[in-house]
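Structure of the sequence below:
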Amino acid sequence: IQTEIIIRISKLDTVNPTMIDEINEQLKQDLSSEYITSSEKLGGNKKVAAILNAMQSGGEEILDSLNDLDPDKADKIREHMATFEDLCFLDREEFLALFKEIDYQTWVLAGRGYNEDVKEFFKKNLSSSRYQMFMEDIEDQGKMSLSSVKEAEKQILMRALDLHDSGIINLKKSNEKWVI
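Numbering: from 1, shown residues only. Below is the predicted model:
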């Protein structure tokens with residue numbers, strides 16, 4: 001049923017303004033008040049991606065099921081999703097802009113889940129002393145729950161997506177060179 005819900009949300013787009021006007025007129029008559037004045041975005045691929053990004057777990061399984069039913073739809077949703085590894089494709093300036101936006105302790109907590117590629121990316125983009133201190137802080141944390149680490153990663157990704165949407169950073173899906 002999760003896959004069916006995702007398909008339905010992804011197919012929602014905008015509401016016809018004529019329908020909004022008709023509903024608005026009826027509401028004016030019934031309630032003598034104006035509540036709706038323009039079309040509202042109800043769903044779409046971006047909305048589904050945001051829902052799946054916010055999930056603690058199971059998002060990838062839902063996308064896999066959707067891929068079996070509608071591969072094109074699954075690909076379009078994936079285009080709006082971000083993974084922690086996608087941060088490795090930020091250029092240095094973008095990474096530092098994101099790094100400054102997030103509380104340092106959130107980065108440290110998320111650090112417990114960093115794979116070697118992510119660690120190498122941090123090494124390349126932080127000064128050597130800052131990187132060394134950062135890695136020491138990660139090691140000094142002691143035992144952490146996986147859900148805490150995932151929540152920290154989610155906070156970072158959600159902020160990265162906000163910065164991407166506002167044009168401050170570009171979450172590319174590969175290390176392909178871009179021409180402007």
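
what about the closest residue to F84 other than its chain neighbours, distance to E120?
In space, and not counting its chain neighbours, F84 is closest to E153: 5.2 Å by C-beta to C-beta, 6 or more residues apart in numbering. In this view, the C-beta of every residue, glycine as well, is placed from N, C-alpha and C. According to C-beta to C-beta, to the nearest Å, E153 and E120 sit 17 Å apart.

Need the three-state assignment for E151.
helix (DSSP: H, G, I helix; E, B strand; the rest coil).

Kindly tell me how buried it is, as a neighbour count.
Look at E151: counted by other C-beta atoms under 10 Å, it has 15 neighbours.

where's it relative to L69, distance?
Going from E151 to L69 by C-beta to C-beta gives 30 Å.

circling back: which of E153 and E120 has more residues huddled nearby?
E153 (21 against 12).

so what's that one up against?
Counting by C-beta atoms under 8 Å, 6 or more residues apart in numbering, E153 touches 84, 110, 113.

Check which helix or strand the second one maps to.
So the one you mean is A110. helix 104-110 (DSSP states H and E).

quick one: that helix to chain centroid distance?
Offset of helix 104-110 from its chain centre (C-alpha atoms, centre = their mean, to the nearest Å): 17 Å.

Next: stretch 144-157.
13 Å.

Low-confidence bits of this structure, can you list those?
Along the chain, segments meeting pLDDT under 70 span 1-2, 12-17, 19-43, 56-57, 173-180.

number of nearby residues for R92?
Neighbour count of R92, defined by other C-beta under 10 Å: 11.

Please apply the same query to the one 4 residues further on.
Residues near L96, counting by other C-beta under 10 Å, number 13.

ok, and what's touching stretch 157-172?
In this structure, residues lying in contact with stretch 157-172 by C-beta under 8 Å, 6+ apart are 50, 53-54, 82-84, 86-87, 89-90, 94, 97-98, 101-102, 178.

do that again at 7 Å, thanks
Residues from elsewhere that reach stretch 157-172 (C-beta atoms under 7 Å, 6 or more residues apart in numbering): 53, 82, 84, 86-87, 89-90, 94, 97-98, 101-102.
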